[in-house]
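**Student:** Predicted structure and sequence below. I'll ask about it afterward.
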Amino acid sequence: MEQAEAAIKNARAALGQANLNLSHCTVRAPFAGYVTSSTLDPGNYISGEAAPVTLCTIYDISEMVACFDIEDSQYENMVGQKGGMDQSLYRNIPIAFSETLPHSYTADLYYQSPSVNSKTGTLRLQGMIDNKYNELKDGMYATVSLPYGVNPKAILIKDSSIGTDQLGKYVYVVNDSDKVVYTPVKTGELYRDSLRVITEGLSAGDRYVTEALLSVRNGMQVTPHTVK
């Protein structure tokens, strides 16, 4: 009888040890997300005594972060606007990708580096993107359209129509007499990859040359064809 009681105790001890080992084999994720594929299968023995063993990596992609750099002069332009980077327009910054996705995305600018990189002259910014459709993946490249302010009367012209010489930027304007006039301009930011903001030199309604730029000369008489 005493031997039987000792055997029962040994069996209970073995059961406790088995439950302890089993508890170490169950790994619960601390948050919901997606995991990478594992190289291990159920039933494999893993010894983590020498070094920790990575079973897989969990990604929480419900929100993504867009990281990008801007020049220090661009940062000065941003903070120079009324309201600075606290403006509401920085809460919904347009985000685009090389291929058109089924849904559009915007980023909420929430972080700016406390210092400018002295080697590159750039400042790191970060924006939070709501990935509610699970279309964005870690490591994707994106184009960030960072606004500097709202100007409903901004003058935009084709960027390809702007020339450069020793005096700076210029545009060939067609006056009321249909003559080409060399007109120096000051430019701003690029808009939608093809249009350039003109800060000085042109007025609303001015006609400018968009084609055959190498053939026209200052003072040349032309027959303009207006393109909308």
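**Tutor:** Received, thanks. Keep in mind that what you see is a predicted model, and the values were worked out from it rather than measured.

**Student:** who are the neighbours in contact with T100?
**Tutor:** Residues in contact with T100 (Cβ atoms under 8 Å, 6 or more residues apart in numbering): none are found. All C-beta atoms are positioned from the backbone trio N, CA, C, and that covers glycine.

**Student:** I'd like the distance between it and E63.
**Tutor:** 22 Å (Cβ to Cβ, to the nearest Å).

**Student:** Pull out the buried positions in stretch 108-115.
**Tutor:** Buried residues in stretch 108-115, defined by neighbour count with 16 or more other Cβ atoms under 10 Å: L109.

**Student:** So which residues make contact with stretch 144-154?
**Tutor:** 66, 68, 70, 74, 77-78, 81-82, 87, 89-90, 93-96, 107, 109, 125, 127, 188-189, 197, 204.

**Student:** List the contacts of N77.
**Tutor:** N77 makes contact with Y148, according to Cβ under 8 Å, 6+ apart.

**Student:** Look up the pLDDT of it for me, please.
**Tutor:** With respect to pLDDT, N77 scores 77.

**Student:** Distance from the chain centre to the host helix or strand of it, please.
**Tutor:** Assigned by DSSP states H and E, N77 belongs to helix 72-80. Offset of helix 72-80 from its chain centre (Cα atoms, centre = their mean, to the nearest Å): 18 Å.

**Student:** Alpha carbons of the helix or strand bottoming out on mean pLDDT in the chain, as PDB, please.
**Tutor:** Ranked by mean pLDDT, DSSP states H and E, the weakest helix or strand in the chain is helix 72-80, scoring a mean of 81. Output of helix 72-80 as PDB, limited to C-alpha atoms (Å, rounded to 0.1, in the frame of the first residue of the first chain):
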ATOM      1  CA  ASP A  72      15.600  72.700 -43.700                       C
ATOM      2  CA  SER A  73      14.400  75.500 -45.900                       C
ATOM      3  CA  GLN A  74      11.100  73.700 -46.500                       C
ATOM      4  CA  TYR A  75      10.700  73.400 -42.700                       C
ATOM      5  CA  GLU A  76      11.300  77.100 -42.300                       C
ATOM      6  CA  ASN A  77       8.600  77.700 -44.900                       C
ATOM      7  CA  MET A  78       6.200  75.500 -43.000                       C
ATOM      8  CA  VAL A  79       6.700  77.100 -39.600                       C
ATOM      9  CA  GLY A  80       6.500  80.500 -41.200                       C
END
